[in-house]
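[1] generate a structure from the sequence data that follows.
(chains A, B and C, ligands or ions: 2)
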Amino acid sequence: MDFATLIQTQRRLSAITSSLGRAVAWLTLLMVLLTSCVVLLRYGFNIGSVALQESVIYLHGIVFLLALAYTADTDQHVRVDIFYRRFSPRSQAWINCLGSLVFLLPFAVYLLWVTWPFFLNAWHIRETSAEAAGLPFVYLLKGLLPLAAASLVLHAIGQILGQLGHLITGEFEQ
Amino acid sequence: FTQPAAQLSFDQGDLKNQQKYHWRMVTTWPKNFPGLGMAGENFARWINEASNGRIEVTVYGANELVPALGVFDAVSSGSVELGHGAAYYWKGKIPAAPFFTSVPFGMNAQEMNGWLHYGNGGALWREAYAPFNIVPFAGGNTGVQMAGWFNKEINSLADIQGLKMRIPGLGGEVFTRAGGVAVNIPGNELYTSLQTGVIDATEWVGPYNDLAFGFHQVAKYYYYPGWHEPGPTLELLINKTALESLPDDLQKLVQVTARAVNQDMLDEYTARNNRAMNELVNKHGVKLRRLPDDVLQKLKAISVQMYAEQSANDPFFAKVYADYESFLNQAQQYHKISEEAYYQSR
Amino acid sequence: MIEYLPLFLFAAVCLALMLGYPVAFTLAGVALIFAGLGILLGHFDPNLLLALPDRLYGTLTNVTLIAVPLFVFMGVMLERSRLAEDLLNNMARAFGRLPGGLGISVILVGTLLAASTGIVGATVVTMGLMSLPAMLKRGYSPELATGTICATGTLGQIIPPSIALVLLGDVLSGAYQQSQLTQNIYNAEPISVGDLFVGALIPGLLLVLMYLGYLIFTAWRAPNLAPAGDDEMPEWGAFLSSLIPPILLILLVLGSILSGAATPTEAAGVGALGALLLALFKGKLSKTVLSDVVQSTTRITAMVFAILIGASLFSLVFRGLGGETLVHQLFEGLPGGVFTATLLVMLVIFLLGFILDFIEITFVVVPIIAPVLFTMGVDPLWLGIMIAINLQTSFLTPPFGFALFYLRGVAPDSVSTGQIYRGVVPYIVIQLSLLALLAMKPEIVSWLPDLLRN
Ligand code: NA
Ligand code: NA
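    Ligands and ions are numbered 1, 2, ... in the order given. Predicted coordinates:
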């Protein structure tokens, strides 16, 4: 396998997760508007909507779960970088490659394995809100968990291949 | 002295009888929650003592292993063996579930116990939970609850128009249809929301729990009766596979201990509620009020209509409701000339 | 030996974190490895691993936590539209050319945010985005700047409305009642969340004063650490147009809570909308800015929740390995004497704060230890406030100081993690001094509640 292909593969995987993250980001604006709407309707017009309240929960879930990998792609997850920041690019690449292999990939695979039946069980009975006036899509909300897990699996594989590519070619991104 | 030789040889059955079972229980209540939370603790302690240590149960409060509303799924998946909660939390999975806890204008504690243990209620409940690999047992009852804490006086039906109340479940649906505004407020924001006026009213449990929460500090009126929760049955959830792995004697012991826990909670609330109510009224000056008749009549009419609608949507709901209603009708007729007549005579 | 596995888990996580791989995934990965180890050694029930989806779903549907993205949105919008920077600069100017003036304004703005949000993550992130660049530009020492922001961010813990006090009040009222019941005292005077709110007000404001005192003292002794602003007082028109709208915004958040229009979570949404409208009216809202704001909000939110997810698996495995039994043993056989017992409890909570977060401690440790102290006659309100302030330090103590993580996540690369760690030390000392003061003068806590009660 060509080593540049490794880096290319990583970029392609990253493009998938990143475009997903960038798309869901706009939902934060919708969250702001809907939350204000809930307040205005209740305080100003004595109208309560459990469904509207729940829709904010749904948006919140979509945003933070489907942006996990995107945030990782943009390297925005917090690191304890007392030593890391002083390491050479090669050492940093090693840490990211091995960290993804030993920490992230097993976790992401486990997460996918354990949330998939969790989603399926809800899907089979088309689980709805426990509130009479709530949204009837609890199964979709639960489905976000395996989706997030899958995106983390993609990110981990991308990292392992990409960092390996950098280590072998000796070319590091700044 | 020395052991008789015969005791040293045992068959497979004896081996199973010697085995120790370490079980976990997750609950929908915080650790040490007064009343409701004690059922799990009591079950754990009593079954351990009665089984001479063969069953050991570790109890986890809400959010320790799983969040409050994750109890059902955790028992179902087998990540824990036991759960303690209330069936109406699982309405999103089983539309008929509220009947096994409490429904507006439904049965009181005495009648629920009769329906579940000597009527068809228990069998219907087990049928509802069977697809989830869970066996339910009645695990406590609070008795008739209070209608809730209000910061506005309710003198007629007009007063609940636009009234913002935290009231979940079927009660909330009925309240909305009657012109109220059912608001969803998380438990930890309840106190402040009532204080600042985000909501005008909230329901909780009864005097014993409400006094501990301190609602009297932020609400003026305490209304009765608890039309929306007239006698909630709490539940003990057991993973079916785990239950069936027990030898017969321990399975029986689980059943009997659940029965004891179920009765014990009602006994505790009977002893504590009146003392707490006395303190709320005499020490804290809480204004006790009865909901007006026209409000109760309207809420009841809406409830009956709602059951009919939901029966049309879900065959199992219809099946449970038909049985529930016929049991309630019979019990009610006799209770009119027994319990009710006696209450009025003393 | 095997019963110490939870301790090895802690040690291993601490070491692994030093590698610099993202905290969230390190927490999860190391926990998973230890779960595997525990399964191999027959010391961990693999079924427990099935509980993670329930835990994550609980986080997903936790309405209180929705305040995080909303407050972050508000903070990012204030920052990207340069409104917050203007506010902070003008606040600093309003304080004349006092040394440490910008720091003072940071503490005051942070106090106002604390009085409206109560969520440490959101406050630290908001303040970090709003004020750190401005302070560094002004020539503040990175230690003082980051320490002040982290400590100010944790004020949300103690200044009501506070989610920490709500959780603590919930747990304490149960524990208190339980301890009274075991002594056959029924219907004891209950302790409620409202009591804690009132009781926390004066200690919270006292803490703000102590922060201010420290900052002013530092600026007076070493002016180069917190240089005075050399700008001229701006024109009144420009000054007001930058000062009033953001203050209105904070008042909007506070006002919507106090007027009963909104819960704290909802008020975060109202505040975010307010920030959006302000940017619009000031002509600072372009599609680029908006896109920037939503992307930033999303990444910061995902960063915060990733840590929650990692911590969720970590604490599940910790419990599964018998960590709670180990904690139990620590508290068993407390030595006699109320003072010694309380001191020991406070010390243990402080030390646990290095490695656990406040929710873990509130839910795991407090129910175990509080009844012991209540039986000895400790006042529940006083204990609640003491624990709350003590838990506040857990946000600042490395390696698991969430305020540190959150600030690290938004701080520029020019600031080193070591500088952040060193910066919070004086503030931790201040918080411990306040604890000592409250131990000597408990009436600081009880005065206001007593006054309101009578
Ligand atoms: Na606060
Ligand atoms: Na810490």
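[2] could you give the residue of chain A that lies closest to ligand 2?
    Closest contact between chain A and ligand 2, by C-beta to the ion, is at A:Val80 (12.1 Å). No exception for glycine: its C-beta is placed from N, CA and C like everyone else's.
[3] could you do the stretch 1-150 of chain B as well?
    B:Asn63 (19.7 Å).
[4] circling back: wait, is the residue of chain A closest to ligand 2 part of a helix?
    No: read with DSSP: H, G, I helix; E, B strand; the rest coil, A:Val80 is coil and lies in no helix.
[5] scan the chain for its longest helix.
    With no chain named, the answer covers chain A. If you go by DSSP state H, chain A has its longest helix at helix A:138-169.
[6] right idea, wrong chain: chain B
    For chain B, the helix with the greatest residue count under DSSP H is helix B:248-282.
[7] cool, chain C as well?
    Per DSSP H, chain C has its longest helix at helix C:287-320.
[8] just want the angle from it to helix A:138-169.
    100 degrees (axes from the mean of the first three to the mean of the last three C-alpha atoms, to 10 degrees).
[9] list the buried ones in helix C:287-320?
    C:289-290, C:292-320 (16 or more other C-beta atoms under 10 Å in any protein chain shown).
[10] ditto for stretch C:212-228
    C:Leu212, C:Tyr214, C:Leu215, C:Ile216, C:Thr218, C:Ala219, C:Leu225, C:Ala226, C:Pro227, C:Ala228.
[11] quick one: mean pLDDT over that stretch.
    Regarding stretch C:212-228, the rounded mean pLDDT is 85.
[12] next one: it to chain centre, how far?
    24 Å (C-alpha atoms, centre = their mean, to the nearest Å).
[13] CA atoms only for it, dumped as CSV, please.
    Taking C-alpha atoms only, stretch C:212-228 is exported to CSV below (Å, rounded to 0.1, in the frame of the first residue of the first chain):
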residue,chain,number,x,y,z
LEU,C,212,-11.0,41.1,44.6
GLY,C,213,-8.8,41.6,47.7
TYR,C,214,-6.2,39.2,46.4
LEU,C,215,-6.2,40.8,42.9
ILE,C,216,-5.9,44.3,44.2
PHE,C,217,-3.1,43.3,46.6
THR,C,218,-1.2,41.5,43.8
ALA,C,219,-1.6,44.5,41.4
TRP,C,220,-0.5,46.9,44.1
ARG,C,221,2.6,44.8,45.1
ALA,C,222,3.6,43.8,41.5
PRO,C,223,2.0,46.1,39.0
ASN,C,224,3.7,44.4,36.1
LEU,C,225,1.6,41.3,36.7
ALA,C,226,-1.7,43.2,36.3
PRO,C,227,-0.8,46.4,34.4
ALA,C,228,-3.1,49.4,34.8
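[14] for the residue positioned nearest the centre of chain A, what are phi and psi?
    Nearest to the geometric centre of chain A sits A:Leu68, at 2.7 Å (C-alpha atoms, centre = their mean). When read as degrees, to the nearest 10, the backbone of A:Leu68 gives phi -60, psi -50.
[15] next: B:Pro225.
    The phi/psi pair for B:Pro225 (degrees, to the nearest 10) reads phi -90, psi 170.
[16] pretty sure it sits against B:Val144.
    Yes: the criterion here is C-beta atoms under 8 Å, and B:Pro225 meets it with B:Val144 at 6.0 Å.
[17] who has more neighbours out of the two?
    The neighbour count for B:Pro225 versus B:Val144, taken as other C-beta atoms under 10 Å in any protein chain shown, is higher for B:Val144 (19 against 14).
[18] other SSEs contacting the longest helix of chain B?
    Helix B:248-282 sits against helix B:38-50, strand B:55-60, helix B:109-118, strand B:134-141, helix B:207-213, strand B:233-239, helix B:240-244, with contacts defined as 3 or more C-beta pairs under 8 Å, 6 or more residues apart in numbering or on different chains; DSSP states H and E.
[19] following the lowest-mean-pLDDT helix or strand in chain C, which helix or strand shows up next?
    The helix or strand of chain C with the lowest confidence, counting by mean pLDDT, DSSP states H and E, is helix C:358-360 at a mean of 65. Downstream of helix C:358-360, the next assigned helix or strand under DSSP states H and E is helix C:366-375.
[20] may I have that next one as CSV, with CA atoms only?
    Listed in CSV are the C-alpha atoms of helix C:366-375, where the atom choice follows Å, rounded to 0.1, in the frame of the first residue of the first chain:
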residue,chain,number,x,y,z
VAL,C,366,-21.9,12.8,50.6
PRO,C,367,-24.7,10.2,51.3
ILE,C,368,-22.1,8.0,53.0
ILE,C,369,-20.5,10.6,55.2
ALA,C,370,-23.1,13.2,55.9
PRO,C,371,-25.3,11.0,58.1
VAL,C,372,-22.3,10.2,60.3
LEU,C,373,-21.8,13.9,60.9
PHE,C,374,-25.5,14.6,61.3
THR,C,375,-25.7,12.0,64.0
